[in-house]
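S.K.: got a sequence here, can you model it:
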Amino acid sequence: MNNPKNVTVIDHPLVRHKLTLMRKKETSCGEFRLLLNEISLLLAYEVTRDFPLKEIEIETPLEKMRAQVIEGKKLVLVSILRAGNGLLDGMLQLIPSARVGHIGLYRDPQTLMPVKYYCKMPSEVDQRDMIVVDPMLATGHSAVAAIDEMKKLNPKSIKFVSLVAAPEGINTLHSAHPDVSIYTASIDRQLNDHGYILPGLGDAGDRIYGTK
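M.R.: Numbers count the residues shown, from 1 in each chain. Now for the predicted structure:
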């Protein structure tokens, strides 16, 4: 089956392997966190693939040469609290110079709609490209609400990274923000009646932090 437009499924064998281990209900919190950290590095490689490069002159221990570096890329990573921090930590290992923002959203259990309770962003977001991270793209309402807030800050571009996505969430996000590229390790089958992804991996925040 073809992927939806403007959606990149990162199906590297290592990503598939680690995601399978994360899905297993007997995987402990510690193992889950470690796997999420590892898989977020692999996702970060893909989402930064289009960073432009420029040549500079350097000197190796043997001679001078022209070599490539990332060209003036200013980046801000935005975590949708709380589960987004699981992806954020791994990505920061790969991109330690990125600025970091946080937006707090919780899902009303009755309406399944997001409620914002916190937002803290770095300065000069309008000069930066933005990557918004949340492990689960389920109903898509939290992602839409977060990107609604981020667009008020007028970043240069926005990408969204999730570990697992549902078709309903992809449709909701792209109906509201068709310009936002989605990167995910898997598009799962569907949502259940409570808005959880099937087959999914459970509540990512609970599995990261050992809460109920």
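
S.K.: could I have the helix or strand harbouring Asp89 exported to PDB, CA atoms only?
M.R.: When elements are assigned from DSSP states H and E, Asp89 belongs to helix 84-94. Output of helix 84-94 as PDB, limited to C-alpha atoms (Å, rounded to 0.1, in the frame of the first residue of the first chain):
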ATOM      1  CA  GLY A  84       7.300  13.900  23.400                       C
ATOM      2  CA  ASN A  85      10.200  14.100  25.800                       C
ATOM      3  CA  GLY A  86      11.000  10.500  25.000                       C
ATOM      4  CA  LEU A  87      11.700  11.300  21.400                       C
ATOM      5  CA  LEU A  88      13.300  14.700  22.200                       C
ATOM      6  CA  ASP A  89      16.100  13.200  24.400                       C
ATOM      7  CA  GLY A  90      17.400  11.000  21.600                       C
ATOM      8  CA  MET A  91      17.200  13.600  18.900                       C
ATOM      9  CA  LEU A  92      19.100  16.000  21.100                       C
ATOM     10  CA  GLN A  93      22.000  13.500  21.200                       C
ATOM     11  CA  LEU A  94      22.200  13.800  17.400                       C
END
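
S.K.: list the buried residues of it.
M.R.: Gly84, Asn85, Gly86, Leu87, Leu88, Asp89, Gly90, Met91, Leu92 (16 or more other CB atoms under 10 Å). Glycine gets a C-beta too; all of them are placed from N, C-alpha and C.

S.K.: tell me which residues are up against it.
M.R.: With contact meaning CB atoms under 8 Å, 6 or more residues apart in numbering, helix 84-94 is reached by 33, 36-41, 43-45, 48, 77-79, 98, 100, 102, 131-135, 161, 163, 204, 208.

S.K.: now the buried residues of helix 84-94 as CSV including distance to Met150?
M.R.: What follows is these, written out as CSV (distance: CB to CB, whole Å):
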residue, distance to Met150
Gly84, 13
Asn85, 17
Gly86, 19
Leu87, 16
Leu88, 15
Asp89, 20
Gly90, 21
Met91, 16
Leu92, 18
